[in-house]
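# Have a look; sequence and predicted model below, questions after that.
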Amino acid sequence: MQTVSDITAFITGGASGIGLGMARAFAAEGAKLALADLDETGLDEVKRELDAITEVITIPLDVRDREAMAGAADRAEAELGPVRLLCNNAGVGSGIGGMNLETMSYEHWDHTLSVNLGGVVNGVQTFVPRMVERGGPAHVVNTSSGSGLAVTGGAQFMYCASKYAVTGLSEAIVKLLKLHGIGLTLVSPGFVDTRIAETTRRLDPAEAAAEPMDPAYKEKLERFEKLFEPLGQDPDEVGRMVLDAIHNDQLYCQPDRLMAEPIRSRSEALLGAMPAETERDRKMAEAIEKARR
């Protein structure tokens, strides 16, 4: 998609963070915006900011709600025209209670997976059939994470599970989308100042019922979160990088190099665990390649 000028973009999590960064970048190029978020106050502020640049509508939305997602799509297309740029961006962290084995609960699993993975699934299922019916050009942006490409610790195991799934989903459907003139970009941010931890604690109902975390561990976690203030990447910069990836029909958008070494180490470990090649392996590869032609 060489330009987003005069097309309609639908962005979940559009009131802050990377969602807002994308909204600003798209608006600067002339896109019309449908911004969806649970944060109605944030949506009001963004609308006041971007109204002077382009057409903007805001939609309070819980991305887990499939009926509400369909209603949001209907409204966006009725007011702004066909959605040709879909950004499945809304996300949460695992929350304090969902970051260790002692305090994890089904509630934390359900919240993390239903927002981070379910929200993407709901966006794809709601909008992509409409895009396919119309034909391209169109584009889908799925926000995953560096934690959806490699694991650097273990405390964010729920978050990693959800983001690995978004990565796999995106890589699996990109070629299918291309058959219909639809591009896809997978955004895997590293250290971006999105305030996701703060948002998660505020919006996750399971947090209120979580057992208190070990004070030493909690203090360590809080020190880590404070690193975002001096080192966190500007979400507006990430938004501009996403726009560039859309222009170039680029599958992967890596905003920084934070995960370069973990990705390399993981790839080397996976390849190193494979057995020596056999005649069966060669025949299998040839047969699969032939079947794909």
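Nice, thanks for sending it over.
# CA only for contacts and neighbour counts going forward, please
Will do.
# Roughly how far does Asn122 sit from Ala245?
Separation of Asn122 from Ala245 (CA to CA, to the nearest Å): 23 Å.
# Ok, Ile59 next?
Going from Ile59 to Ala245 by CA to CA gives 26 Å.
# Name the residue in the two with the higher neighbour count.
Per other CA atoms under 10 Å, whichever of Ile59 and Ala245 has more neighbours is Ile59, with 25 against 21.
# Quick one: residues contacting the closest residue to Ile59 other than its chain neighbours.
For Ile59, ignoring the flanking residues on the chain, the nearest one in space by CA to CA, 6 or more residues apart in numbering is Ala36 at 4.7 Å. Shown in contact with Ala36 (CA atoms under 8 Å, 6 or more residues apart in numbering): Phe10, Ile11, Thr12, Gly13, Gly14, Ala15, Leu43, Thr58, Ile59, Pro60, Leu61.
# Please narrow those residues to those residing in strands.
Assigned to strands by DSSP state E, the following of the contacts of Ala36 qualify: Phe10, Ile11, Thr12, Thr58, Ile59, Pro60.
# Bridged to the residue nearest the centre of the chain, which residues?
Taking CA atoms, centre = their mean, the centroid of the chain lies closest to Thr143, which sits 1.8 Å from it. On the basis of DSSP bridges, Thr143 is bridged to Val187.
# So what's the predicted local confidence for it?
Per-residue confidence at Thr143 stands at 98 (pLDDT).
# what does the one 4 residues further on give?
Ser147 is assigned a predicted lDDT (pLDDT) of 94.
# Please shift the residue numbers so they start at 294 in all later answers.
With 294 as the first residue, the last one maps to Ser440.
# That one contacts Met451, doesn't it?
No. Between Ser440 and Met451 there is no contact under CA atoms under 8 Å: 10.4 Å.
# Tell me where the model's unsure across the stretch 294-443 of the chain.
389-391 (pLDDT under 70).
# what about the strands in it?
Ranges of strands in the stretch 294-443 of the chain, per DSSP state E, counting those that start in this stretch, are 301-305, 325-330, 349-353, 376-381, 431-436.
# For the closest residue to Val413 other than its chain neighbours, the count of nearby residues, please.
Excluding the flanking residues, the one nearest Val413 by CA to CA, 6+ apart is Asn381, at 5.3 Å. Close neighbours of Asn381, defined as other CA under 10 Å, add up to 28.
# Quick check: Asn381 vs Pro555, distance?
25 Å.
# Pick out whichever of the contacts of Ala329 sits closest to Gly474.
Closest to Gly474 out of the contacts of Ala329 is Phe303 (18.1 Å), distances taken as CA to CA.
# bridging residues for that closest one?
Assessed by DSSP bridges, Phe303 has beta-bridge partners Ala327, Leu379.
# Strands of the stretch 444-586 of the chain, start to end?
In the stretch 444-586 of the chain, the strands defined using DSSP E, counting those that start in this stretch lie at 475-480, 545-546.
# Deepest in the core, which of those is it.
strand 475-480 (a mean of 25; mean count of other CA atoms under 10 Å).
# and it, what does it pack onto?
If contacts are counted by 3 or more CA pairs under 8 Å, 6 or more residues apart in numbering; DSSP states H and E, strand 475-480 sits against strand 431-436, helix 450-471, helix 528-540, strand 545-546.
# Nothing else from me, thank you.
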